[in-house]
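Asks: sequence and predicted structure below; questions after.
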Amino acid sequence: MKEGRIDSRQRLLHMLEAIAEVQGFVAGVSRAEFDLDHRTLFACVRGVEILGEAARHVADEIKAQYPEINWRGIVDLRNFVVHQYFAIDNEALWLVIHDHLPVLKPQLERVLQALSV
C-alpha cells in the first residue's frame, strides 16, 4: 500500500500521540513494576521509536524555528532503541519518560499551535 506524503503538522500530531500513549502505559506503574513488566517496556520502546521517526521527518525549517527542542536527540534516541535494542537501559528509558516527555509535550503543542494559525 502506497502512503501519501505526511506533512510536518501530521508528524507533530504523531509525536504528541506517541507521548500520550507512553505516558498512559506508565500511569500508576512504579519503577520496580516497570522493570518487571515486559509488555510495558516493549510498548514504551515502540512509543519512543514512533516519536523519533516522526521527529526525523519534521521539516528542517520548523526545526530551525524551535531550537529549544532537541530534535537531534529525539531522533538519536529512536536510532538507539531500534539498533541497540539489546542494550536499552530501563532506568534511562524511565527517566526519558518521566523527565523529558513532560517537558517535550508542551513544546510540541506550541509548535503545532503556531502552525495552525
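Replies: Good, I have the coordinates. Numbers count the residues shown, from 1 in each chain.

Asks: switch to C-alpha atoms for all contacts and neighbour counts from now on
Replies: Noted.

Asks: and Gly117, how far is that from Leu108?
Replies: No Gly there; residue 117 is Val. Distance check for Val117 against Leu108: by CA to CA, to the nearest Å, it reads 15 Å.

Asks: out of the two, which sits in the busier spot?
Replies: Shown here are Val117 and Leu108; by other CA atoms under 10 Å, Leu108 has more neighbours (17 against 5).

Asks: sticking with the more buried one, tell me its helix or strand.
Replies: helix 101-116 (DSSP states H and E).

Asks: right, and Glu21 touches Val45 too?
Replies: No: here Glu21 lies out of contact with Val45, judged by CA atoms under 8 Å, at a distance of 11.1 Å.

Asks: which one's more surrounded, those two?
Replies: Neighbours around Glu21 and Val45, counted as other CA under 10 Å, are more numerous at Val45. The numbers are 21 against 16.

Asks: let me see the contact set for that one.
Replies: Contacts here follow CA atoms under 8 Å, 6 or more residues apart in numbering; on that basis Val45 touches 81, 93.

Asks: average pLDDT across stretch 93-111?
Replies: Throughout stretch 93-111, pLDDT has a mean value of 98.

Asks: re the thing from before, and the helix holding Leu108, how far out from the chain middle?
Replies: Between the mean C-alpha point of helix 101-116 and the mean C-alpha point of its chain there is a distance of 12 Å (CA atoms, centre = their mean, to the nearest Å).
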